[in-house]
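1. next comes the sequence, and after it the predicted model I'd like to discuss.
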Amino acid sequence: MIGIVVALNAEAKGVIEKTSAVEKTTKNGKKIYFGTLGNDNFVLIISGIGKVNAAFSTQYLLDNYPVEYIVNFGSCGGIKGKTDILKYYAVDKCCQYDFDLSALDNVPVGYIQDYDRVYFTPNTDKLNFLPTAGLASSDRFTEKEKDVKTVSDLGCSLFDMEGGAIAQVCTANDIPYYIFKGITDVHGSGNDQNTFFENLNKVCAGFYDIFVKAFGN
């Protein structure tokens, strides 16, 4: 069984509709769908936005279903000059750039003591048809120059609000995981709110095809 964690209904819509997935249950208000892809069954949870929601939802799937690996996909932002709007990327490393104990313990930004690391490394073998990029997650929408600089200094060019937390939970459970993202906005490109939502719809329309190409049998 494939476990899928997606933040937004819009991001999950294509997979749900095109596989005729059925909503059978909810957990704390989070919708859970069941479907099939080729020879595999999948369970998909719509986590909601943010790292706590993403971590809770991932752990719930792992605790309650015979999941062989986790897939996370969704929209994200990118850094100008390193990424392109409406392009999809496989994540080959991720971190949580708002986890910062550097002033207390003299450790790098993003360093998590329990794992003795800054970066977690998703699998990419099934996504080898996509370009790769690093992803930095935080519980805020990344738009301030200082945040973008932190993301860039960490060697990442994508930013979201879920991926790093999902990676940490999967690592803690020793379960394989994959992350791919589609860019809705590039910092410094001058996008306005209307453009963002237009791009969100366009990006979400492509998730199903990538999901099938990567994980279909």
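-> Great, that's in hand. Numbering: from 1, shown residues only.

2. how long is stretch 74-91 end to end?
-> Stretch 74-91 has an end-to-end distance of 11 Å (criterion: Cα to Cα, to the nearest Å).

3. can you list the buried residues in that stretch?
-> Of the residues in stretch 74-91, those with enough neighbours to count as buried (16 or more other Cβ atoms under 10 Å) are 74-79, 83, 85, 87-91. Just so you know, the C-beta spots here come from the backbone N, C-alpha and C atoms, and that holds for glycine as well.

4. now do that stretch: distance to the chain's middle.
-> From the chain centre to the centre of stretch 74-91 is a distance of 12 Å (Cα atoms, centre = their mean, to the nearest Å).

5. again with stretch 158-177
-> Averaging C-alpha positions (Cα atoms, centre = their mean) puts stretch 158-177 8 Å from its chain's average.

6. same check, this time on stretch 151-171
-> The answer for stretch 151-171 is 8 Å, by Cα atoms, centre = their mean.

7. pLDDT (mean, whole number) over that stretch?
-> Across stretch 151-171, the average pLDDT comes to 97.

8. same check, this time on stretch 43-54
-> For stretch 43-54, mean pLDDT is 98.

9. what's in contact with that stretch?
-> Outside stretch 43-54, the residues that touch it by Cβ atoms under 8 Å, 6 or more residues apart in numbering are 1-9, 12, 15-16, 21, 27, 30-35, 56-58, 60-61, 65, 67, 72, 96, 137-139, 161-166.

10. and the helices in the protein?
-> 9-18, 51-64, 102-105, 145-153, 163-172, 193-204, 207-215 (DSSP state H).

11. and the first one with helix 193-204, angle?
-> If I follow you right, that is helix 9-18. 30 degrees (axes from the mean of the first three to the mean of the last three Cα atoms, to 10 degrees).

12. helix 9-18 relative to helix 207-215, how many degrees between them?
-> Between helix 9-18 and helix 207-215, the angle comes out at 70 degrees (the same axes, to 10 degrees).

13. again, but for the longest one
-> For helix 51-64 against helix 207-215, the angle by the same axes, to 10 degrees is 50 degrees.

14. same check on the fifth one?
-> Inter-element angle recorded for helix 163-172 and helix 207-215: 30 degrees (by the same axes, to 10 degrees).

15. what is helix 163-172 packed up against?
-> For helix 163-172, the elements it packs on are helix 51-64, strand 69-79, strand 88-96, strand 132-137, strand 177-187, judged by 3 or more Cβ pairs under 8 Å, 6 or more residues apart in numbering; DSSP states H and E.
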